[in-house]
Each structure stands twice: as C-alpha cells, then as structure tokens.
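# Got a predicted model here, sequence first, then my questions.
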Amino acid sequence: MAATLILFAVMAAAFWFLIVRPQRKRMQAHQALLSQLNVGDEIMSSAGIYGTVRAIHDDDTVEVEVADGVILTLAKGAIAERTDAVESGADGPDVG
C-alpha cells in the first residue's frame, strides 16, 4: 500500500515537472510578449504570417500589415512571436 502511494507521488511529481510547469512558463512568456506589443513591431502569427503591427484594439484584436496596403485583423493571442525585420534573403549564406 505504501509503495503504491509512493509510486503515485513520484508519477504526480514527474507530471508536474515535465508537463505543467513548462506549459505555465510558456503561457507567462506569451502573456508578457502580448503586453509589451507596440505599433510598429514586426511579428509572426501562429499561422506563420509575418507582418507589422499597425493598430492594437481594446477588444483583443490587432491590425497587422502583411504587404503594402494589405491589413489583416488578428486575435491578439494569435501572435506567436516578435521578430526582427523579415530577412529578404540578401543576408543569407553565399551559394557559389
């Protein structure tokens, strides 16, 4: 009986440290990213769309310009990360 309880406690601790704790850290980092978001920031959405933040609305939506004159309205939570300026390929490795 005691061995079963110890095994259960070890499994619960492993679950906590391998699943719950890292997920909480990711959620906190994402919330920090969203709270520090500013107009003009280069972002990538969770769908892989790169763009520049043009407006941030109070209803948790963001307007993102993806090309000249093309503006998408995204949910704020759909922003995956802030990026540097999108590389045009000129800074890539030389091939030849």
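Sure, I can see it.

# Just want the most central residue of this protein.
The residue lying closest to the centre of the chain (CA atoms, centre = their mean) is A80, at 2.7 Å.

# The one helix or strand it maps to: how far from the chain's middle?
Element membership of A80 [criterion: DSSP states H and E] is strand 79-82. Centroid separation for strand 79-82 versus its chain: 4 Å, with CA atoms, centre = their mean, to the nearest Å.

# Count the neighbours of V53 for me.
20 (other CB atoms under 10 Å). The way it works is simple: take the backbone N, C-alpha and C, and place the C-beta from them, glycine included.

# nearest residue to the residue nearest to the centre of the chain other than its sequence neighbours?
S46 (4.4 Å; CB to CB, 6 or more residues apart in numbering).

# I'd guessed the one you found sits against A78; true?
Yes: look at S46 against A78 with CB atoms under 8 Å: they come within range, at 5.1 Å.

# more crowded one of those two?
Legend: neighbour count by other CB under 10 Å for S46 and A78, higher for A78 (15 against 12).

# Mind jotting down where the helices sit in this structure?
Counting by DSSP state H, one finds helices in the chain at the ranges 2-15, 21-35.

# re earlier: in the strand holding A80, what's buried?
Applying a neighbour-count criterion of 16 or more other CB atoms under 10 Å, one finds I79 buried in strand 79-82.

# Low-confidence stretches in the chain?
84-96 (pLDDT under 70).

# Where does the record place the domain boundaries for it?
If you go by automatic domain parsing, the domain ranges for the chain are 1-36, 39-85.

# out of these, deepest packed?
Ranked by mean neighbour count, those are led by domain 39-85 with a mean of 14 (mean count of other CB atoms under 10 Å).

# next one: that one to chain centre, how far?
Relative to the centre of its chain, domain 39-85 is centred 12 Å away, using CA atoms, centre = their mean.
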